[in-house]
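[1] Got a predicted model here, sequence first, then my questions.
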Amino acid sequence: MINYKNAIKVITSQDRFHIDLGLNRIAEALNLLGNPQNSLKCIHVAGTNGKGSVCAIIESVLREAGYKTGLYTSPHIWDYTERIKVNGINISKTKFAEYVNKISNIDILLTEFEILTILAFLYFKENNVDIVILETGLGGRLDATNIIDKNLCSVITHIDLDHTDILGNTKEKIALEKAGIIKQNCPVITEELYESIKNKAKEKNSTIISPYAPEEKYINSLSLKGEHQKKNLTLALTAIKYLFKGIDENTIINGLKKVNHPCRFEFIESKNLIIDASHNPNGIETLRNNLDKFFPKQKRRFVFGALNTKNYKQMEKILFKEDDEIYLYGFDYPKACSYKELSLACPFPSKKYTANVKLSKEKLNIICGSFYMIGQMKFLKDI
């Protein structure tokens, strides 16, 4: 029996730590494990930006309403166990290692994400959860989570250009991949009415449900801040009210107040600090707009890093202004941009971020650009 440390070594080993979309491997593995996913009731969420927030909102409200919830999201910030929760509590490291050991004993070379997805299904079934809120990892059509053959509903959040090397170089092509989660006779909730989504819904006899704007009392209750969260709240509440008509107003409000989804325009007032994991141009534009709306007069000090698979040049162009203080972080990760790459792309003078750089007391500190970068800044975990 392996321990947690060795379990992480197994799933991040070189032959597993890559993207290889497709459902054949995970289907074969799950069949050997008794197909735990078939007994789960899932709300399946895909999209370029906002899907994690939508999942977190739905989970919090359903838990407040007394449902036993399973939540599967990615990536994590600090620890792999964050990705798999029952009733808001991370899977234990002991249980995580136990399942990795069980899955890795199958003679099928699964990717990291496939192992984690199988692990989540097994854990949710063992805990007999009422509802699973399932976030896709990449795309939808060939994403490991799409091994489920039915759902309570699909939710498709905002679609934009990201992972274009894998999903396609137009929004319509990306929408086609996201539309892959639409299931036969199961409704889909979305504002993204691309032809590919409408066609897929028609093919699957799936009703497209247009979300409706939430009342102010719900917007004001949501713990997640930022203008963009209104759209995420709209999708989440539409799903909740469509599927669970008996949940009363006070329960919804209390659930919204308790939503916990760190590093999404997260403001830590005592440190005058924003932590935001936006990692593509659309997300960075949203961050910039939120900064201009909520902190229009504060001088800003950025720590920014990004993966070289992202359009980091465009991200820097959108994010920075002439009077910003800019630190660029070439963090230690296989696909991270080096400081040199970032500095060459930066439209304004910048400095190299090191661990000796402390938070400013005079300026608004913004740490942003990558989940993986934030995860390496361990001091943030204790703030």
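    Perfect, thanks for sending it. Keep in mind that what you see is a predicted model, and the values were worked out from it rather than measured.
[2] For the nearest residue to residue 368 once chain neighbours are set aside, which residues are in contact?
    Leaving aside its sequence neighbours, residue 368 sits nearest to residue 276 (Cβ to Cβ, 6 or more residues apart in numbering; 4.4 Å). Using the backbone N, CA and C atoms, a C-beta is placed for each residue, glycine as well. Under the criterion of Cβ atoms under 8 Å, 6 or more residues apart in numbering, the neighbours of residue 276 are 263, 264, 265, 266, 287, 366, 367, 368.
[3] Alpha carbons of the helix or strand where residue 54 lies, as CSV, please.
    If you go by DSSP states H and E, residue 54 is part of helix 51-64. Coordinates of each C-alpha in helix 51-64 appear next as CSV, following Å, rounded to 0.1, in the frame of the first residue of the first chain:
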residue,chain,number,x,y,z
LYS,A,51,-17.0,26.8,-14.7
GLY,A,52,-15.3,26.3,-11.4
SER,A,53,-17.2,29.2,-9.8
VAL,A,54,-20.5,27.9,-11.2
CYS,A,55,-19.7,24.5,-9.7
ALA,A,56,-18.8,26.0,-6.3
ILE,A,57,-22.0,28.1,-6.2
ILE,A,58,-24.3,25.1,-7.0
GLU,A,59,-22.5,22.9,-4.5
SER,A,60,-22.8,25.4,-1.7
VAL,A,61,-26.5,26.0,-2.2
LEU,A,62,-27.3,22.3,-2.5
ARG,A,63,-25.3,21.5,0.6
GLU,A,64,-27.1,24.2,2.5
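[4] following that helix, which helix or strand comes up?
    Criterion used, DSSP H and E; the element after helix 51-64 is strand 69-72.
[5] Listing partners with orientation, what would you give for the helix or strand following that following strand?
    Counting by DSSP H and E, the next helix or strand C-terminal to strand 69-72 is strand 84-86. Sheet pairing of strand 84-86 (DSSP bridges) gives strand 69-72 (antiparallel), strand 89-90 (antiparallel).
[6] isn't residue 191 right up against residue 213?
    No - using Cβ atoms under 8 Å, residue 191 makes no contact with residue 213, being 10.8 Å away.
[7] mind checking pLDDT for the residue nearest the centre of the chain?
    The centre of the chain sits closest to residue 52, judged by Cα atoms, centre = their mean, with a distance of 3.6 Å. For residue 52, the pLDDT comes out at 95.
[8] Return the residues in contact with it.
    So residue 52 contacts 73, 135, 261, 264 (Cβ under 8 Å, 6+ apart).
[9] got the strands paired with strand 84-86 as CSV, with distance to residue 250 and mean neighbour count columns?
    Output for these, formatted as CSV (distance: least, Cβ to Cβ, whole Å; neighbours: other Cβ atoms under 10 Å):
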stretch, distance to residue 250, mean neighbour count
strand 69-72, 19, 26
strand 89-90, 24, 14
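[10] Fine by me, we can end here.
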